[in-house]
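Colleague: Quick one: sequence and predicted model below, then my questions.
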Amino acid sequence: MTSATTRIDHLVTSGTFSLDGGTWDVDNNVWIVGDDTEAIVIDAAHDSAAIEAALGGRTLRAIVCTHAHNDHIDAAPALAAATGAPILLHPDDLPLWKQTHPDRAPDRELADGQVIAVGDVELTVLHTPGHAPGAVCLYAPALETVFTGDTLFHGGPGATGRSFSHFPTIIDSIRERLLTLPPGTVVRTGHGDSTTVGDESPRLAEWIQRGH
């Protein structure tokens, strides 16, 4: 089933990702879920003004962080200040958050199984550690969509070669929390193109062998 009034808006913002002494140019997907009056933002990346403009005057109910790598949270405090919306982050990612925003804590914690309501849909928080300890995905069955941040991409798992990440853990998260969703579920990612659970499921053994 799909929602009659709640829609998904997509914005791509550009900036840098920095960790472990390196910095890379990146394009990030920013997802806005809501109806004509209210919305949530999933991953406030790089450009607070552009995200605020994309909201089009709607009330922002929450800024939800899929994880705390700087490229996914760098615009969150500015967007929160402009809109009054709280920032939500899983507490296991606080050490990463503090690397970017040492003087501004998130407002609320995300927890596995928590439900976030916006418009006429509900999004369930799935704790999916591996790319980062507090990484989460947001599953919206009414929209036949899961927002995966950097846990699952078109073609494989998120990177696990840097601090705070762990390859066996991300594989467990994907196998147990994401590939168990209906095959037609659209996977909307933190970077790059969307995919579906059904398209990615057959590749699990290949990912494990590759140690990607």
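Modeller: Noted; the coordinates are in hand.
Colleague: Next, work out how far apart the nearest residue to Ala111 once chain neighbours are set aside and Glu200 are.
Modeller: Leaving aside its chain neighbours, Ala111 sits nearest to Val125 (6.5 Å; criterion: C-beta to C-beta, 6 or more residues apart in numbering). For every residue, glycine as well, the C-beta is placed using N, CA and C. Separation of Val125 from Glu200 (C-beta to C-beta, to the nearest Å): 20 Å.
Colleague: For the two, indicate the residue with more neighbours.
Modeller: Looking at Val125 and Glu200 with other C-beta atoms under 10 Å, you find the greater number of neighbours at Glu200, namely 23 against 20.
Colleague: Now do the same for the residue lying farthest from the centre of the chain: helix, strand or coil?
Modeller: Seen from the C-alpha centroid of the chain, the residue lying at the greatest distance (C-alpha atoms, centre = their mean) is Gln209, 26.1 Å away. What DSSP: H, G, I helix; E, B strand; the rest coil gives for Gln209 is helix.
Colleague: can you give me the strands in this protein?
Modeller: For the chain, the strands identified by DSSP state E occupy 7-19, 22-34, 38-42, 59-64, 87-89, 108-109, 115-118, 121-127, 136-140, 145-149, 152-153, 156-157, 186-189, 195-196, in order along the chain.
Colleague: before we move on, back to that, in contact with the residue nearest to Ala111: list those residues for me.
Modeller: His90, Leu110, Ala111, Asp112, Gly113, Gln114, Val115, Ile116, Val136, Cys137, Leu138 (C-beta atoms under 8 Å, 6 or more residues apart in numbering).
Colleague: Output stretch 66-73 as PDB, restricted to C-alpha atoms.
Modeller: Presented in PDB, the C-alpha positions along stretch 66-73 are these (Å, rounded to 0.1, in the frame of the first residue of the first chain):
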ATOM      1  CA  THR A  66      21.200   7.700   9.900                       C
ATOM      2  CA  HIS A  67      24.700   8.000  11.400                       C
ATOM      3  CA  ALA A  68      27.100  10.600  12.500                       C
ATOM      4  CA  HIS A  69      29.700  10.800   9.800                       C
ATOM      5  CA  ASN A  70      30.300  14.500   9.200                       C
ATOM      6  CA  ASP A  71      28.900  14.500   5.700                       C
ATOM      7  CA  HIS A  72      25.500  13.400   7.000                       C
ATOM      8  CA  ILE A  73      25.300  15.800  10.000                       C
END
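Colleague: how far out from the middle of the chain is stretch 188-204?
Modeller: The chain centroid and the centroid of stretch 188-204 are separated by 14 Å, computed with C-alpha atoms, centre = their mean, to the nearest Å.
Colleague: residues making contact with it?
Modeller: Stretch 188-204 is contacted by residues 8, 10, 26-29, 31, 43, 66, 72, 145-150, 152-156, 158, 171, 174-175, 178-179, 181-187 when judged by C-beta under 8 Å, 6+ apart.
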